[in-house]
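Enquirer: I'll drop the sequence and a predicted model, then ask my questions.
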Amino acid sequence: ALVTTTEMFKKAYEGGYAIGAFNVNNMEIIQGIVDAAREVNSPLILQVSAGARKYAKPAYLKKLVEAAIIDSDVDIALHLDHGDSFELCKQCIDDGFTSVMFDGSALDYEENIKVTKQVVEYAHAHGVVVEAELGKLAGVEDEVNVSAEDATYTDPDQAVDFVKRTGVDSLAIAIGTSHGAYKFQGEPKLDYERLEKITNLLPNFPIVLHGASTVIPEFVEMCNKYGGDIPGAQGVPEDMLRRAAKFGVCKINIDTDLRLALTGAIRKYLVENPSQFDPRKYLGEGRTAIREMVKHKIVDVLGCDNTL
Ligand code: G3H
Ligand code: 13P
Ligand code: ZN
Ligand code: NA
């Protein structure tokens, strides 16, 4: 069924695991993720960015997710990723999303509170839950490119004030992760002390980790071996994600790993089968790669298998 994240987060919090929130942009990506979740009995968060809406057109993604629910019987929350305005959040709520993120991390603190509160009021009146963000992640998003110097980690006391004043349902925090395939220069490092402090100050409150792809070496190497050029890509090691899930982290966002799996598998197929040009062949290979990667994430990293 199409559900909100409320029950998922409650169980994840108590169980010390996390739910995977996967970015979706087309049919093969949705099918790969949902097929994996069905096989291992996991709930899912499928998230749509502004860029995804622009690429696929809003109605297509909504209908594809509805089709996935009919086909799979998996509990799916349909979530807006990084909504940058009240209007976009409202649009998605009106379109039937069950969860929206208002990302006011670029705004000053009081302005972030003001718009987040406005989104929360509209969302809650429609049975929809809201994620907000406090602190700035480094890295690349569609329209924002935050340099490492501009990234600021979430202040624990401010997080408490923010949650209290906005009534938000979950909070994305900055503790050292970043979007994209280049997350760390040297040793990967997350500020667990900060995470623990936030968790202690906000008991039973779901925390969200953005920029949480592992940048799986197998797929980086596959891309590079078959004509790609993405040297030095590095993500958040699996152990660090397992550790974060033990604290209050209930939602772990993954986009880059989907992109790398799809691209790696398609590159490999096309190089190994130069006379093939049926899109179902190479897109099918990409879909299978996504399915196996997501299964691994759910079972071995997130720990949300058999929790449906
Ligand atoms: O947070 C960024 C996500 O990976 C979505 O990326 O805005 O290019 O769709 P996008
Ligand atoms: P990655 O780039 O690490 O996959 O992060 C995705 C994300 O946070 C989407 O909101
Ligand atoms: Zn994000
Ligand atoms: Na957790």
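Expert: Structure received. In this text the structure is predicted, and so the values were computed from the model without any measurement. Ligands and ions are numbered 1, 2, ... in the order given.

Enquirer: Check what pLDDT the closest residue to residue 85 other than its chain neighbours gets.
Expert: Nearest non-adjacent residue to residue 85, counting by C-beta to C-beta, 6 or more residues apart in numbering: residue 115, 7.7 Å away. (Each C-beta comes from the backbone N, C-alpha and C, glycine too.) On pLDDT, residue 115 comes in at 99.

Enquirer: Which neighbouring elements make contact with the top strand by length along the chain?
Expert: Longest among the strand segments of the chain by residue count, using DSSP state E, is strand 76-83. Here strand 76-83 touches strand 19-23, strand 44-49, helix 50-56, helix 58-72, helix 86-94, strand 99-102, going by 3 or more C-beta pairs under 8 Å, 6 or more residues apart in numbering; DSSP states H and E.

Enquirer: so which strand or helix has the residue nearest to the spatial centre of the chain?
Expert: The residue at the geometric middle of the chain, judged as the C-alpha nearest the mean C-alpha position with C-alpha atoms, centre = their mean, is residue 253 (2.3 Å). With the criterion set as DSSP states H and E, the secondary-structure element containing residue 253 is strand 249-254.

Enquirer: Report how many residues lie close to the residue nearest to residue 85.
Expert: Residue 115 has 20 neighbours, counted by other C-beta atoms under 10 Å.

Enquirer: Can you list the buried residues in stretch 80-94?
Expert: For stretch 80-94, the neighbour count (16 or more other C-beta atoms under 10 Å) marks 80, 81, 82, 83, 84, 86, 88, 89, 90, 91, 92, 93 as buried.

Enquirer: from those, which is closest to residue 14?
Expert: residue 81 (25.3 Å; C-beta to C-beta).

Enquirer: Quick check: that closest one vs ligand 2, distance?
Expert: 5 Å (C-beta to the nearest ligand atom, to the nearest Å).

Enquirer: Contact partners for residue 220?
Expert: For residue 220, the residues meeting the contact criterion (C-beta atoms under 8 Å, 6 or more residues apart in numbering) are 181, 230, 233, 260, 264.
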